[in-house]
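Enquirer: I'll drop the sequence and a predicted model, then ask my questions.
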Amino acid sequence: QQRMGEATSMEEEWNVEEIEQEKAEEERRAMEDGDLLVTHPKPEMLPRQRQLYIRERARLRAEKLRRKLTGGNWSTKIDGTSNQPFWYNSDTGESIWDKPKVLVEAEADEFAHQKQWNAVPLKPLVHIMGFLLSYPDRMACAPVCRNWCAGANHFSFVRHVLPIEMNPLAMDDSKLDHNHYRSISDALDASLPGDTIELGDGHYWLNDPYLFVNIPLRIIGDENDPSHVVVELSGTIVWKGQGGWMEGVTLRRPRISSNAKALKHTLQIQNGGQFDMFNCVLNNEGSSASVALVSNANSKGKWKKVEIKGGGQQGGGILVEDNGTIEMIKCRIVSNHGDGVTCCDTTFVTLRDCEIEDNAGVGISLMDSSHACIERTRVVRNNGGVMVKRKNCVCDPCIDNVCDLTLAKGQEVVPGFRFVDGVEYFDQYENDADDNQMLES
């Protein structure tokens, strides 16, 4: 009833017939003035008129789309308040201060036509790079120029692995973005030679007895603090790829499943594999095998700022055998239950600015015609002594190194090492030219 009352009042206020008469009069005046075109088409002409209307509408829409793609609907105007220029879109009425993206891309395209391949815009360049293998194709493209290097190393090619702390998000497929994976194993299965796998801060579990890596890969964690990215490893990572890099990652045994009887290495480089590391921690506490094993001809690694600890009695910290090669710079080999570094079967090891401390066995053990290059390395507080060097082994050069006063029974001081009190050396020694000169004196 209330609505009917309102309708009745509206009819009383507005005279509909009077309004219709005014509209008819207005249309008549418009026709007389030429502002309104009135035609009386014949019925047989209506299909043609309809086709003309559809064609004109399509033309106008295509013209509007063309302006949108080319930036023709943007123009500069002056703001009346600030007297500063801004960009105005005549089709949408949008106003912005910065230059529209479509115009920036158009300028980049024009520049690319002038400078040819060296100036291809990043967006189409990344799209083209997406059809190439990371190695060797994209790596071969990277040195062409700065622009190509940015395209070959674009972040969209990186494979991201979610830590277990983000398990609720990882369980929902709809929430997994492109190149995001639930586990390291899934990322490895999808990886191509030369790909990069990024591990965010958190924990990761690898329960496979052996995780084989047969292609060149890069594994990136937290380059500033490897303790932020922890991989709980139940088995062994076997690296056979002809190139590899890991940075800012901690590999260790899960405490809840540590078994002192297990004979498993944390990392094994074999069959000509190459694996370099920077700022990583390898902890094999809970296994009786060595922390890292480098074996077979052409197997090699270059490690910098890597901490090796927790090795078992059968191998200790690092075991290099069967023509393997390892170079260590500013590394720490500490708290292993066997020898610090063991070389056998014609291997080559380089130690520069390293610390080999608190190991249950010998600091450095050379056997079977092995070759060692030891420079500015500190070997102290190892229960088995500083070094054991068998017949036909070479230690050259061996300079500016430091050992403590405790030697194994019958062991002679190793040339190239100087005695220094362990506690005093630990507190005062800094690896620079002045302190080296002090030790020599």
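Expert: That came in fine, so what should we check first?
Enquirer: Where does the residue nearest the centre of the chain sit: helix, strand or coil?
Expert: Centroid check for the chain by C-alpha atoms, centre = their mean gives residue 198 as the closest residue, at 3.8 Å. Look at residue 198: counting by DSSP: H, G, I helix; E, B strand; the rest coil, its state is strand.
Enquirer: could you measure it against residue 312, distance?
Expert: 31 Å (C-beta to C-beta, to the nearest Å). Heads up, the C-betas are built off the backbone N, CA and C, glycines and all.
Enquirer: Residue 113 now?
Expert: 64 Å.
Enquirer: which one of these two has more residues nearby?
Expert: With neighbours defined as other C-beta atoms under 10 Å, residue 113 and residue 312 compare such that residue 312 has more, 25 against 10.
Enquirer: which intervals of the stretch 301-441 of the chain have sub-threshold pLDDT?
Expert: The model of the stretch 301-441 of the chain has pLDDT under 70 over residues 405-416, 418-441.
Enquirer: which residues in it form helices?
Expert: For the stretch 301-441 of the chain, the helices defined by DSSP state H, counting those that start in this stretch cover 422-428, 433-440.
Enquirer: Equivalent analysis for the stretch 151-300 of the chain, please.
Expert: Using DSSP H, counting those that start in this stretch, helices in the stretch 151-300 of the chain cover 167-170, 184-190.
Enquirer: tell me the most buried of those?
Expert: Of all the helices of the stretch 151-300 of the chain, helix 184-190 has the most neighbours on average by mean count of other C-beta atoms under 10 Å, namely a mean of 16.
Enquirer: With just CA atoms, put it into CSV.
Expert: Extracted C-alpha coordinates of helix 184-190, given in CSV (Å, rounded to 0.1, in the frame of the first residue of the first chain):
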residue,chain,number,x,y,z
ILE,A,184,63.5,-30.7,-4.1
SER,A,185,62.9,-34.1,-5.8
ASP,A,186,60.0,-32.6,-7.9
ALA,A,187,62.1,-29.7,-8.9
LEU,A,188,65.0,-31.9,-9.9
ASP,A,189,62.7,-34.1,-12.0
ALA,A,190,61.4,-31.1,-13.9
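Enquirer: Counting by contacts, list what it packs against.
Expert: Under the contact definition 3 or more C-beta pairs under 8 Å, 6 or more residues apart in numbering; DSSP states H and E, helix 184-190 sits against strand 159-161, strand 196-199, strand 202-206, strand 210-213.
Enquirer: one step back: does the residue nearest to the centre of the chain touch residue 157 like I think?
Expert: No: between residue 198 and residue 157 there is no contact under C-beta atoms under 8 Å: 10.6 Å.
Enquirer: give me the low-pLDDT residue ranges for the stretch 151-300 of the chain?
Expert: Per-residue confidence for the stretch 151-300 of the chain (pLDDT under 70) gives these ranges: 168-170, 256-261.
Enquirer: Swap in 80 and give it another go.
Expert: 167-176, 255-262 (pLDDT under 80).
Enquirer: that older thread, distance to residue 226 for the helices and strands packed on helix 184-190 - can I get that in TSV?
Expert: Formatted as TSV, these follow (distance: least, C-beta to C-beta, whole Å):
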stretch	distance to residue 226
strand 159-161	16
strand 196-199	10
strand 202-206	13
strand 210-213	19
